[in-house]
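> Attaching a predicted model along with its sequence, questions to come.
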Amino acid sequence: MSNPEYYQLFGIREYKPNYALHIFLFVITFFTVTLAGVQWVLKDPFELSNLHYGLPYSLSILFIIASHEFGHYFAAKKHGVTTTLPFFIPFPPIPFVLNFGTLGAVIRIKSLIPNRKALFDIGVAGPIAGFIATLLVLIYGFENLPDIEYLYQIHPEYRFLPSLPKGDLTFGDTLLFFFFRKLFSILNPDAFIPPMNEIYHYPYLCAGWFGLLVTAMNLIPVGQLDGGHIIFAMFGDRHKYIARGFFYSLIFFGLFGIFEQNLGWPGWLVWAFVLYFIVKIEHPPIGTFGMLDKKRKIIGWITILIFFLSISPVPITIK
């Protein structure tokens with residue numbers, strides 16, 4: 001069924017993109033992400049001459065987010081599903097608030113998803129595209145690490161210490177990030193690889209770490225997150241047991257994070273709240289389903305592996 005026939009059949013107005021709104025949100029997000037990038041290297045974000053310091057971070061972040069959302073967009077187009085262009089979500093710099101400059105981006109489906117294959121393809125395309133973009137940023141970042149003098153320029157006081165301090169903010173390690181750190185330390189033994197409490201001063205590593213976090217959070221197999229779409233398409237009604245298990249795991253790690261930051265993260269409680277009241281736990285039934293082919297099942301299991309490579313039970317520790 002073509003899109004005009006669909007809109008006529010269901011008595012709704014044909015979707016027309018608001019290009020001005022999409023461009024406006026992208027420009028504002030580019031600006032706020034650039035300001036965040038300036039902040040991460042401890043420069044004054046309100047000094048115009050410092051804006052160029054934020055470009056490596058902002059361009060990397062927007063490349064990852066755009067890859068993710070346009071993965072969904074083009075997969076939807078392939079199946080004749082009408083969807084909006086990405087709405088980028090800016091987040092202005094706020095003093096004393098952990099700020100990545102954006103809350104990501106979203107697209108909205110404007111027509112019915114016809115079958116299980118379409119649901120799976122649309123759900124899986126975003127995380128895979130975003131993950132590939134994240135890998136490219138991480139590889140570039142690790143291959144082009146500056147020497148320790150770069151960190152001394154940001155923290156001159158470190159030059160006179162016997163060893164680097166642990167710091168107040170630490171990003172949580174993931175299996176993939178840990179693998180990259182070990183691999184590049186072997187490939188380049190003389191390189192200085194920053195500890196996890198200094199990663200955010202390195203724009204490409206910070207953006208890559210953020211890309212893994214966004215990928216993992218989207219792949220949580222709950223409700224209408226990307227992971228929820230994938231698990232529902234793969235397992236049908238059995239998805240609800242997986243979704244409930246992961247939802248309660250978020251609460252578990254969130255509560256642990258309140259009392260012991262090394263074992264959990266309070267932010268998981270916030271995410272669990274969002275999932276329960278907004279995203280919902282179980283995926284709604286969609287269309288008429290047929291079985292996924294072997295190729296899609298393999299891609300589904302690969303995506304599940306990507307989730308476990310990208311997730312950290314304690315993504316952020318603040319002392």
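Arrived safely.
> going forward, measure contacts and count neighbours with C-alpha atoms only.
OK.
> mind checking the SS state of Phe63?
For Phe63, the assignment made with DSSP: H, G, I helix; E, B strand; the rest coil gives helix.
> One more: Phe88?
strand.
> do the same with Pro194
With three-state DSSP as the basis, Pro194 sits in coil.
> neighbours around it, how many?
Residues near Pro194, counting by other Cα atoms under 10 Å, number 19.
> ok, now Ser49?
Counted with other Cα under 10 Å, Ser49 comes out at 9.
> Kindly provide the distance from it to Lys43.
From Ser49 across to Lys43, the span is 10 Å (Cα to Cα, to the nearest Å).
> can you check Ile311 too?
30 Å.
> more crowded one of these two?
Neighbours per residue (other Cα under 10 Å) separate Ile311 from Lys43, with Ile311 holding more: 22 against 17.
> Nearest spatial neighbour of that one, chain-adjacent residues omitted?
Ala216 (5.2 Å; Cα to Cα, 6 or more residues apart in numbering).
> Same check on His79?
Ala118 (6.1 Å).
> repeat for Ala243
Excluding its sequence neighbours, the residue lying closest to Ala243 (Cα to Cα, 6+ apart) is Val222, at 4.6 Å.
> so the one you found touches Ala216, yeah?
No - with contact defined as Cα atoms under 8 Å, Val222 does not count as touching Ala216 (12.0 Å).
> pLDDT weak spots in the stretch 51-200 of the chain?
95-97 (pLDDT under 70).
> Run through the strands of it in chain order.
Taking DSSP state E, counting those that start in this stretch as the criterion, the stretch 51-200 of the chain carries its strands at 87-90, 102-106, 169-171.
> from those strands, which stretch is densest packed?
strand 87-90 (a mean of 21; mean count of other Cα atoms under 10 Å).
> hmm, back to that, run through the residues that contact the residue nearest to Ile311.
Counting by Cα atoms under 8 Å, 6 or more residues apart in numbering, Ala216 makes contact with 306-308, 310-311.
> Just the buried ones from these?
Buried members of the contacts of Ala216, counted by 16 or more other Cα atoms under 10 Å: 306-307, 310-311.
> In strands, which of the residues you listed appear?
Here DSSP state E is the test, and those give no hits in strands at all.
> got JSON lines for those, with distance to Leu62 too?
Below are the buried ones among the contacts of Ala216 laid out as JSON lines (distance: Cα to Cα, whole Å):
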{"residue": "Ile306", "distance to Leu62": "20"}
{"residue": "Phe307", "distance to Leu62": "21"}
{"residue": "Ser310", "distance to Leu62": "19"}
{"residue": "Ile311", "distance to Leu62": "20"}
